[in-house]
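Enquirer: structure for this input, please:
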Amino acid sequence: METYLVGGAVRDELLGLTIKDRDWVVVGTTPQKMIDAGFKQVGADFPVFLHPNTKEEYALARTERKSGTGYKGFEVVFDQSITLEDDLLRRDLSINAIAKSQDGRLIDPYQGVQDLNDRVLRHVSPAFSEDPLRVLRVARFAARFKHLGFSVHPDTLALMTEMTNNGELEHLVAERVWSEMSRALASKNPEEFFYCLRQVGALKLIFPELDRLFGVPQPERWHPEVDTGVHALLALSYARSQTDDEATLMATLCHDLGKGLTPVDKLPSHIAHESRGADLVPAIAKRMKWPTKTARLVENVARYHTHCHTITQLKPKTILKLLKNINALRQPEDLHGFIIACQADARGRTGFEATPYPQGALLQSMADACQQVSAENFIAQGLTGKAIGEAIDKERSHLIGEILANHSNELSD
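Expert: Numbering: from 1, shown residues only. Now for the predicted structure:
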């Protein structure tokens, strides 16, 4: 029985990155021998075992043969005749097909080390095309490693495009798509995930509402980048520099989805794009299996982001209604994400990257002031029922008005 460290642990060690998980491949053994050695078997599709002490995953060397559609359509062979090279050959990218023996020797039959040095993401073999999820995985790795200078090899891009065109991606289930997208959002350059998918034609299949933004013009005065899709990804890039919160990043990405529905004869103006975009969100969230928090924030940012931009022009009662509508007084963390997304919209424009955005701090201060108003004082005054709520709203509106007035005075000084 021979044991090798494989996959991401070897890759990240060679890149000088922190190793998060360590996976092992075991050659020349059987499931029963692993159990007899004290390993605990997990995994239904093929034998994976947990080490009795470290709890790290040990998988028997295996091969896979396409037998159906989608990412589950495989027959797996894991008998004692399977070699380490056989196991590495089934992997997606050469940089993930490097193994390390227990004495520290690298086994690299598919030139993964060279590809690491060349900063290239290249598929190991034509068998790459048998698993449609790999299109999204490569896009995710492109996002994860962009800051290190990695790019996708032209041959791999061509293969990903072919897979998209032949309909393989139609067999992906929503949970797997969202898993890859969610992990991509957490990378240093999440915008690269969507650029890569669009480059191979996959974005229009998995996220058509975002794909159709590309090529849609906006007024050059406010959007020198003009293209609405480009703006969405610039905004996402800025938001990622501020947070790694999944809901906030998705809300930023989707804030202008309504512009993809603007009638051609109205371009480049996008009147009422906010409501059009927000109305799309429930169906998208259901299709993609978004978490409730994500769906809620995406819809609120789409519907109300221009309210934040124009906060100083709104009446106190309108601002209070906004705070209630975006649930800012009940879920303060939602307001934080909302403000970041709105600021990202303002700064995700060519030449506007450092533009001041006092609106965010202003809205936060208004929410903080409203939080200080409670029912106790009004109950003590003898108010009951509906009158209590009316008094609270009146006091909150008054405080918002004071903040607006103070802000206006500061600007005029």
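
Enquirer: from the chain's centroid, how far away is stretch 289-308?
Expert: 15 Å (C-alpha atoms, centre = their mean, to the nearest Å).

Enquirer: can you give me the distance of L157 to G348?
Expert: Here the distance between L157 and G348 works out to 26 Å (C-beta to C-beta, to the nearest Å). From N, CA and C alone the C-beta is placed, and that goes for glycine too.

Enquirer: of the two, who's got more company?
Expert: G348 (26 against 18; other C-beta atoms under 10 Å).

Enquirer: what residues sit buried inside stretch 116-135?
Expert: Buried residues in stretch 116-135, counted by 16 or more other C-beta atoms under 10 Å: 116, 120-124, 127-135.

Enquirer: oh, I was asking about stretch 173-186
Expert: Using 16+ other C-beta under 10 Å as the burial criterion, the residues of stretch 173-186 that qualify are 176-178, 180-185.

Enquirer: can you list those in a markdown table and add pLDDT and secondary structure?
Expert: Putting these into a markdown table (pLDDT from 0 to 100; DSSP: H, G, I helix; E, B strand; the rest coil) gives the following:
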| residue | pLDDT | secondary structure |
| --- | --- | --- |
| R176 | 94 | helix |
| V177 | 96 | helix |
| W178 | 96 | helix |
| E180 | 97 | helix |
| M181 | 97 | helix |
| S182 | 97 | helix |
| R183 | 96 | helix |
| A184 | 98 | helix |
| L185 | 97 | helix |
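
Enquirer: pull the most distant pair out of those.
Expert: Taking C-beta to C-beta, the two most distant members of the buried residues of stretch 173-186 are R176 and L185; they sit 15.2 Å apart.

Enquirer: pLDDT weak spots in the chain?
Expert: Scanning the chain for pLDDT under 70 picks out the ranges 43-45, 66-74, 413.

Enquirer: so who does the residue nearest to S125 when sequence neighbours are not counted touch?
Expert: Counting by C-beta to C-beta, 6 or more residues apart in numbering, L89 is the residue found nearest to S125 once chain neighbours are left out, at 5.8 Å. By C-beta atoms under 8 Å, 6 or more residues apart in numbering, the residues touching L89 are 63, 97, 109-110, 124-125, 127.

Enquirer: H273 contacts L267, correct?
Expert: No: if you go by C-beta atoms under 8 Å, H273 and L267 don't touch, sitting 11.1 Å apart.

Enquirer: more crowded one of those two?
Expert: Neighbour count, other C-beta under 10 Å: between H273 and L267, H273 has more, with 22 against 14.

Enquirer: so how far is the top helix by length along the chain from its chain's centroid?
Expert: Looking across the chain with DSSP state H, the single longest helix is helix 386-412. The chain centroid and the centroid of helix 386-412 are separated by 37 Å, computed with C-alpha atoms, centre = their mean.

Enquirer: what residues sit buried inside stretch 381-394?
Expert: Result for stretch 381-394 [16+ other C-beta under 10 Å]: buried residues 383, 388, 391-393.
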